[in-house]
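**Q** Sequence below, structure please.
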Amino acid sequence: MLAAHIPLLFVLLVQETQPVRPPHKVFIPTSAALDVARQVARDQGYSIANKKLYFFDLMMTEAGKPALPGYVTLGFYGNSNLLNQISINENTGQVVDSLKCVVFEYPDLQSFQQELRQETGAQPLSTVELAKSVGCDSLRHLNKPLRSE
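**A** Model prediction:
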């Protein structure tokens, strides 16, 4: 009976000694961030094909730093008014609007998020952790697209 437990004990000990790979940032190209922001806008029901009415802009500080540390942030504008501040977590790929305290969980964002997490080794943040990271008390979840295109 004891001999049967030795292989299991060995496996557990080996797993204990394996270093856990800490999450690391990867570069999210602006084009990829723009694709995510466009998808969020379409999922919210905006017809973004009208480039005279809608546009996106990378949001940075005057010093050229990210508007929200740890996130790639794009402003989504309609009639030159900011409609959404779309921020993509550089480790998890989770997408939030820190001005409206919304987390976008649309199904078509999942493949981007999974691919990014595979690269970074990160796990998704809980809603509480995500809210705290963007300065919100809580986050409202949007997960059903209202597509217009």
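
**Q** and the spatially closest residue to Tyr71 that is not a sequence neighbour, how many residues sit next to it?
**A** Leaving out its chain neighbours, the residue that sits closest to Tyr71 by Cβ to Cβ, 6 or more residues apart in numbering is Ser87, at 4.0 Å. (C-beta placed from N, C-alpha, C; glycine too.) If you count neighbours by other Cβ atoms under 10 Å, Ser87 ends up with 26.

**Q** can you tell me which helix or strand Val128 belongs to?
**A** With secondary structure defined by DSSP states H and E, Val128 is part of helix 127-134.

**Q** Which positions in that helix come out as buried?
**A** Of the residues in helix 127-134, 127, 130-131, 133-134 count as buried by neighbour count, 16 or more other Cβ atoms under 10 Å.

**Q** would CSV of those with pLDDT and distance to Asn50 be doable?
**A** Shown next, in CSV, are the buried residues of helix 127-134 (pLDDT from 0 to 100; distance: Cβ to Cβ, whole Å):
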residue, pLDDT, distance to Asn50
Thr127, 96, 34
Leu130, 97, 32
Ala131, 97, 33
Ser133, 95, 33
Val134, 96, 29
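
**Q** Just the closest of those to Gln94, please.
**A** Leu130 (5.9 Å; Cβ to Cβ).

**Q** didn't the closest one look like it was pressed against Ser98?
**A** No. Leu130 is not in contact with Ser98 according to Cβ atoms under 8 Å; the separation is 10.0 Å.

**Q** just checking, what packs against the strand or helix carrying Val40?
**A** Assessed by DSSP H and E, Val40 sits inside helix 30-43. With contacts taken as 3 or more Cβ pairs under 8 Å, 6 or more residues apart in numbering; DSSP states H and E, helix 30-43 sits against strand 54-58, strand 71-78, strand 81-89, helix 110-120.

**Q** Quick one: those as CSV, columns for distance to Leu142 and mean pLDDT too.
**A** Formatted as CSV, the helices and strands packed on helix 30-43 follow (distance: least, Cβ to Cβ, whole Å; pLDDT from 0 to 100):
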stretch, distance to Leu142, mean pLDDT
strand 54-58, 18, 96
strand 71-78, 14, 96
strand 81-89, 11, 97
helix 110-120, 14, 95
